[in-house]
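**Student:** take this sequence and fold it.
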Amino acid sequence: MRADLTIPEALLLLGLHDRTGRNLSSYLRLLIAGGALGEMALRGAIVRNPNKDDRYSWGEAGAVAALDDDLFLSRSREAILRKKLDRPARDVVSALSGGTDFLMPLYDTLVSRGALEREEKRFLFFSWTTYPTANPAAEDALKARLAHVLFAQGAVTERDSVTIALAKHGGLLPANFDRARLKEHRERIKEIAAGKRLAADATAAAIEAMQAALMTTLIMPAVIVN
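**Tutor:** Numbers count the residues shown, from 1 in each chain. Have a look, this model is predicted:
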């Protein structure tokens, strides 16, 4: 995955139809909320509370402050602060995804980078906004990277693992990759999604991120690749 794409950004690009901009998963908001927690954990901004099972606390002050460099993560941090972090991760994911303007900073960022374009639609008295692909370069690079990981035995990074796990459980893999190839590599994909194929230098933060992000699956049914 390209270094300049966060986990939420990658999931949004995978989760939108290139031409129409429609959502490819009914659970896209939940997936991206899980991705936000995963990104924060990998950056050390949140850490598992060893005394409270699946609950998380804020990490080093510098890592938390660094979230302000990313509009979406900064807004997510603010939303968590309003609700308090010391709760089960699945509750934080649910609270994040339920915000009215939760995804807007993410759309704005990818529009400003030229990856998506904003289209205003109107029919009779109804109006809505869609976000089709503007320049496919970022998404193409993302898919090439993930295909190498999924199908060509490429080394698996922490962000790869969290992104693939959430994409798998949200049904985004068959929406973006050949179903026959997914079926052929089904066992490897399961292992990647479980964090078992991480590169040798992966840190404990990767597992923590996986556990935080996959709390999403406790409030939505898993989608199995056939």
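**Student:** let me see the ranges of the helices in this structure.
**Tutor:** Ranges of helices within the chain are 7-14, 28-42, 61-65, 71-83, 89-97, 104-112, 137-151, 158-169, 173-176, 179-184, 186-193, 204-213, based on DSSP state H.
**Student:** mean pLDDT added to those helices, as JSON lines?
**Tutor:** Shown next, in JSON lines, are those (pLDDT from 0 to 100):
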{"stretch": "helix 7-14", "mean pLDDT": "96"}
{"stretch": "helix 28-42", "mean pLDDT": "89"}
{"stretch": "helix 61-65", "mean pLDDT": "92"}
{"stretch": "helix 71-83", "mean pLDDT": "87"}
{"stretch": "helix 89-97", "mean pLDDT": "78"}
{"stretch": "helix 104-112", "mean pLDDT": "95"}
{"stretch": "helix 137-151", "mean pLDDT": "95"}
{"stretch": "helix 158-169", "mean pLDDT": "90"}
{"stretch": "helix 173-176", "mean pLDDT": "96"}
{"stretch": "helix 179-184", "mean pLDDT": "96"}
{"stretch": "helix 186-193", "mean pLDDT": "92"}
{"stretch": "helix 204-213", "mean pLDDT": "70"}
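**Student:** of all those, which lies closest to residue 21?
**Tutor:** Nearest of the helices of the chain to residue 21, taken as C-beta to C-beta: helix 104-112 at 9.7 Å. No exception for glycine: its C-beta is placed from N, CA and C like everyone else's.
**Student:** what angle do the closest one and helix 28-42 make?
**Tutor:** 90 degrees (axes from the mean of the first three to the mean of the last three C-alpha atoms, to 10 degrees).
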